[in-house]
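Asks: 3D model of this:
(chains A and B)
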Amino acid sequence: MNGWLVGAAVLLVVGMLPAVVVASRGHVLDRLAGLAMAGMVATLDILLLSEGYQRSSYVDAGLVLAALSLTGSLVFARLVVRQ
Amino acid sequence: MTPLEIGLLVLGIGAVALSCLGLLTARDTYLRLHYLGPASSLGTPLIIAAMVMHEGLSFSAVKLVLIGVLLVGSGAVTVAAFGRATAQRQGLVETDSPA
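Replies: As a prediction, the model looks like this:
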């Protein structure tokens, strides 16, 4: 287990867990903030895993997730206002 | 991994982790939105810098930089959009106001 995989594991526990907790309770915009943070942490985690496993093709998944996460957040923010 | 890469990685993960814990403990929506900033504008560039230094000059490093720019930009845009949506739901800003 190299440093990149350790970093990915740490980020999953201390980064993803609080973000998921925030995204699963409270006001709708609080949940959206948790969702945006979870998307960012997931992207960074995929990049760290690609580095740890020496699979550069995994970086493409991170690129797609980064783009879709931004789009999804903006669409959600727009729909929440119209609600 | 060189010591510099380890240092950048630890600092980046620390910044993201502290932001996530701050997001969890904040009580107000606006305060929560503040914690999205450091994760995208501080933690992400540090982690990406560690990976780019490890990769060296390659096509993969270019993709990593592209993802970093996308994440830094998306963090700022997301905070602004959520802040505006929150203000509109609270009636502080008109829903159809362009500014």
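Asks: tell me the spacing between A:Leu11 and chain B.
Replies: For A:Leu11, the distance to chain B (Cβ to the nearest Cβ, to the nearest Å) stands at 6 Å. All C-beta atoms are positioned from the backbone trio N, CA, C, and that covers glycine.
Asks: how many residues are close by that residue?
Replies: Each residue near A:Leu11 was counted by other Cβ atoms under 10 Å in any protein chain shown, and the total is 24.
Asks: for it, phi and psi?
Replies: Torsion angles at A:Leu11 (phi, psi; degrees, to the nearest 10) stand at phi -60, psi -30.
Asks: quick one: residues contacting it.
Replies: Neighbouring residues of A:Leu11 by Cβ atoms under 8 Å, 6 or more residues apart in numbering or on different chains: A:41, A:44-45, A:48, B:13, B:16-17.
Asks: so where's the chain uncertain?
Replies: Picked chain A for this. Residue ranges of chain A with pLDDT under 70: A:83.
Asks: hmm, I had chain B in mind actually
Replies: In chain B, residues with pLDDT under 70: B:96-99.
Asks: ok, and the most crowded of the contacts of A:Leu11?
Replies: Within the contacts of A:Leu11, most neighbours by other Cβ under 10 Å means A:Leu44, with 31 neighbours.
Asks: test my guess that that residue contacts B:Val16.
Replies: Yes: counting by Cβ atoms under 8 Å, A:Leu44 does reach B:Val16; the two are 6.7 Å apart.
Asks: give me the common contacts of those two.
Replies: Counting by Cβ under 8 Å, 6+ apart, the contacts common to A:Leu44 and B:Val16 are A:11, A:15, B:43-44, B:47.
Asks: take those and lay them out in a markdown table including secondary structure.
Replies: Shown next, in a markdown table, are the shared contacts of A:Leu44 and B:Val16 (DSSP: H, G, I helix; E, B strand; the rest coil):
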| residue | secondary structure |
| --- | --- |
| A:Leu11 | helix |
| A:Gly15 | helix |
| B:Gly43 | helix |
| B:Thr44 | helix |
| B:Ile47 | helix |
